[in-house]
Every structure is written in structure tokens, then in C-alpha cells.
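> using only what follows, build the 3D model:
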Amino acid sequence: QVQLQESGPGLVKPSQTLSLTCAVSGASVTAAYNYWSWIRQPPGKGLEWIGYITYTGSTHYSPSLKSRTSISRDASKNQFSLQLSSVTAEDTAVYYCARSRKPEMDPTRHDSWGQGTQVTVSS
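Model (predicted):
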């Protein structure tokens, strides 16, 4: 059974970079046909897919966030990370890491999820 756990600061100042890490157990981030996503849910809104990194290390980002997003992985630690630059209050959300078995942008098509971590952007 795949388990994911997010970690990172809960408070980020405007204009700074948000950095989160997802530790994975029960599967390898380099195992074939695994796609590792970041997804967020702002208060009172629906789920928003941010991007994913594939088992080969390639990445794909939401067009609306692409200019500010970077997803990377550390295979030796079996984890992957999110960096979102130049944050504003609109980036305040619960951030989730998740896994899909196909390249998916629909959050509902991910079969394994972390518990989520609240990130607030405020000075």
C-alpha cells in the first residue's frame, strides 16, 4: 500500500518561495507507470492540480502555474518536492501530494493521497 506524507513550513511570506516535500513509502518514485502530483485546495474552493513528476523524472505543470512551479525528486530518499515562487495570499491552501498510474490532471483520478498540509501566505 502506497503511503505519502507532506512536510514543510505552514507559513510563507508574500513574494517568497513555498517549498514542500512528499515522502513516499510502499512504492518507488522511479517505478514504472507512477506519476507523482501536487494538488491544492484553497479555502472554500475545489481541488486544483499543480503538476506532476513522472517515474522517468520528466515534469508537467498546470499552464496557470507553470511560470512559478518546479517539481523535483530525490530518488535516494524516495521523495519528491514542490517549489512555488512569488507566492501571494491566493496561494494559501491545503497542499496534497498524490499518485496516479497514468498521466492525470484530474485530481479525482489519483489513487493514493497524503493527508495534506496547510500553507498560509501572510506577512
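> please count neighbours and contacts with C-alpha atoms only from this point.
Will do.
> what about the nearest residue to Ala23 once chain neighbours are set aside, neighbour count?
What sits nearest to Ala23 in space, not counting adjacent residues and going by C-alpha to C-alpha, 6 or more residues apart in numbering, is Gln79, at 4.5 Å. Each residue near Gln79 was counted by other C-alpha atoms under 10 Å, and the total is 21.
> pull the contacting residues for Gln79.
21-24, 29, 73 (C-alpha atoms under 8 Å, 6 or more residues apart in numbering).
> now, the most widely separated pair of the residues you listed?
Greatest spatial distance among those (C-alpha to C-alpha): Thr21 and Val29, at 12.9 Å.
> so for these two, which residue has more residues nearby?
Val29 (27 against 22).
> assign the more buried one to helix, strand or coil.
coil (DSSP: H, G, I helix; E, B strand; the rest coil).
> so that it lines up with my notes, have the first residue be 39 from now on.
Taking 39 as the first residue, the last one we looked at is Val67.
> quick one: it from Thr94, how far?
The spacing between Val67 and Thr94, counted by C-alpha to C-alpha, to the nearest Å, is 9 Å.
> just Lys83 next, same as before
Distance from Lys83 to Thr94, by C-alpha to C-alpha: 32 Å.
> and the spatially most central residue of the chain, what is it in contact with?
By C-alpha atoms, centre = their mean, the chain has its centre lying nearest to Trp76, at 2.1 Å. Trp76 makes contact with 87-90, 120, 133-136 under the criterion C-alpha under 8 Å, 6+ apart.
> ok, now how distant is the spatially closest residue to it that is not a sequence neighbour from Ser160?
Residue nearest to Trp76 in three dimensions, not counting chain neighbours: Cys135, with 4.6 Å by C-alpha to C-alpha, 6+ apart. Going from Cys135 to Ser160 by C-alpha to C-alpha gives 22 Å.
> please apply the same query to Tyr134.
In terms of C-alpha to C-alpha, Tyr134 sits 20 Å off from Ser160.
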